[in-house]
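> following is a predicted model, sequence given first.
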Amino acid sequence: MRSIKIEGIVIKRRNFGEADRLLTVFSKTFGKIQIKAAGVRKINSRRSGHIELLNCCSFTLYKGRGMFLLTEVENTENFSGIKEDLTKVGFAYHICELIDGLCAEEQESPEIFYLLKETLSRLETSEDLVSVIHEFEIELLAKLGFYKATIRKDFDTSVFIEQILERKLKSKRLLQRFT
């Protein structure tokens, strides 16, 4: 059986070819995966609205030789409260950058999926965005095995994450404007 159905959150996307798009989705069953969405950049595509960044969707995929191919998609949650506020969008992009950088490809991780979904829900309704992000960073690092309880909770997570990734965070400059 090559056709599968998964729940996932779109954390990254980029154009591919003339009418296709490559999606990075964090799913409950497969972790971080790449999905090729053929033809979604065409004007008459019915799937293009469902695969926007930060959307939680139900995906029906076909496992090809190389990567997953999108056959059907249905939006289950779009986190519109985040998308209406530019500050919250910046923090949400930071969350997506951390998930994309720290999580390995195709490693099942339902606890990180639920952490991501819960954090986006909290970000949508919370007023104290900095503490929501800091708690997410600590929890993510702990679930991935980078954080130990002996480390102080008030340490600079951005510097620590940059050392793990061995590169600067792109969203860090954006976040400094809001904090």
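Cool, the structure landed. Numbering: from 1, shown residues only.

> have a look at the protein and report its longest strand.
Counting residues, the longest strand in the chain under DSSP state E turns out to be strand 3-16.

> outside of it, which residues touch it?
Contact with strand 3-16 is made by 21-30, 32-33, 36, 41, 51-63, 71, 76, 96, 99-100, 113, 116-117, 120, as judged by Cβ atoms under 8 Å, 6 or more residues apart in numbering. Bear in mind the C-beta positions are built from the backbone N, C-alpha and C, glycine included.

> alpha carbons only: can I get it in PDB?
Coordinates of each C-alpha in strand 3-16 appear next as PDB, following Å, rounded to 0.1, in the frame of the first residue of the first chain:
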ATOM      1  CA  SER A   3      -1.100   5.700  -0.300                       C
ATOM      2  CA  ILE A   4      -1.100   7.000   3.300                       C
ATOM      3  CA  LYS A   5      -3.100   9.600   5.300                       C
ATOM      4  CA  ILE A   6      -1.300  11.700   7.900                       C
ATOM      5  CA  GLU A   7      -1.900  14.800  10.000                       C
ATOM      6  CA  GLY A   8       0.800  17.500   9.800                       C
ATOM      7  CA  ILE A   9       1.700  21.100  10.100                       C
ATOM      8  CA  VAL A  10       3.300  23.000   7.200                       C
ATOM      9  CA  ILE A  11       6.500  24.500   8.500                       C
ATOM     10  CA  LYS A  12       8.300  25.500   5.300                       C
ATOM     11  CA  ARG A  13       7.600  25.700   1.600                       C
ATOM     12  CA  ARG A  14       9.400  26.700  -1.500                       C
ATOM     13  CA  ASN A  15       8.600  26.900  -5.200                       C
ATOM     14  CA  PHE A  16       9.800  24.000  -7.400                       C
END
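
> now Glu106: phi and psi?
phi 50, psi 40 (degrees, to the nearest 10).
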